[in-house]
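One predicted model, sequence on top.
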Amino acid sequence: MIDIDGRDEDFFVHGYQQLTKACDLPGVDAKIIKTVLNDFVRIYKGRTVTDNSGGAGEYPSAWLFLMAALFNPKLIVESGVWKGHTSWLFRNACPNAEIHSFDIRLGQLRCKLDDVSYYEQDWMSNDIVSNLDINESSLAYFDDHINQCLRVKQAYDMGFKYVIFDDNEPVIDGRYNVGMPACPTLQLLYSDYKYGEKITYERKGEQHVYEYLEDDVYEAVKYIKNYFILPESPCSVTFVELVN
C-alpha cells in the first residue's frame, strides 16, 4: 500500500473516478490507477529537483502525474516553469508527448530536459502556440499566477479542450490565501462575490487589494463545460473541460 502525504491508493482511485464523472473523461479501472501511482512513487524518488519550494510538492505532483499519464496527451503546453519540476513530471508521465514550456523568467530553471522546448516569454507572446497541432488529445497546464479567466479564454481560442490550473485559490473571509493569486481565480468566478468587491492578499509581507471587475472575467463561464477541484488539494489543483 502506497503512502503519498498520508493518502493511500484508494483515496486517489476515488478522487480520479470523481474527476472522470465530472469532466466526461473515460472511466479507468482501479488497478490501472494504482499501477500509475506506484510508478509515480518509484519515479518521484529519483526526481531532479529535490527542493521545489514555491512549486508543486509530493501530493499535487502525484495528481499531475496521474492525470497526465491516464489522459496520455500527445501535446502538453505548460505556462509557469519555475525550477522545471512539472516539465519533468509530464515527461515521465508521458514519454512520447510533445512538450512546450513557457515562463517569462527562466532564471530559476534547475531541471532542463533536452526533449522539452522552453521559451522565456508568455505563451501568447507570438505564434508558437497557434502553430501547434492542438486537438482533443492536447493538454494545457497553468501555474503562472496570471488571471485564470483570461487563460481560459486564451486556451479556448487556441483550441484546447482540457486544461489544468494550479493555485485556483478560494476567497476566505475576504482574502486570498496565496501570496500572489491569479486574480481572479476560477473559484472567485464561481463564488457569490459581486463586481466591485475588494479582496486582500499578502505578498512578501505587504498587503495588496484586488478589486473584482467584470472586465477581468473575459466571459470565462461560457467557455467552461465542466470543472473539478481535486480533493484535499492545498493549492486547489483544478481540471477544466472547455466547451467544443
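Done, it's in.

Could you use CA atoms for every contact and neighbour count after this?
Fine.

Now do the contacts for the residue most central in space within the chain.
Taking C-alpha atoms, centre = their mean, the centroid of the chain lies closest to Phe165, which sits 3.0 Å from it. For Phe165, the residues meeting the contact criterion (C-alpha atoms under 8 Å, 6 or more residues apart in numbering) are 141-143, 148, 237-240.

what's the closest of those residues to Asp115?
Distances from Asp115 to these, taken as C-alpha to C-alpha, are shortest for Tyr141 (17.8 Å).

do you know how far the closest one is from Gly196?
29 Å (C-alpha to C-alpha, to the nearest Å).

Looking at the two, which one has more neighbours?
For Tyr141 versus Gly196, the count of surrounding residues by other C-alpha atoms under 10 Å is larger for Tyr141: 22 against 11.

now the helix or strand that one falls within, how far from the centre of its chain.
Secondary structure from DSSP states H and E places Tyr141 in strand 138-142. How far strand 138-142 lies from its chain's middle: 7 Å, per C-alpha atoms, centre = their mean, to the nearest Å.

and that strand, what other elements does it pack with?
Packing partners of strand 138-142 (3 or more C-alpha pairs under 8 Å, 6 or more residues apart in numbering; DSSP states H and E): strand 75-79, strand 162-165.

Can you check which of those gets nearest to Gly57?
strand 162-165 (14.9 Å).

Distance of the most far-flung residue of the chain relative to its centre relative to Tyr210?
Most distant from the centre of the chain: Gly196, at 27.5 Å, with distances by C-alpha atoms, centre = their mean. Spatial separation of Gly196 from Tyr210 under the definition C-alpha to C-alpha is 9 Å.

And Leu89, by the same measure?
With distances taken as C-alpha to C-alpha, Leu89 is found 33 Å from Tyr210.
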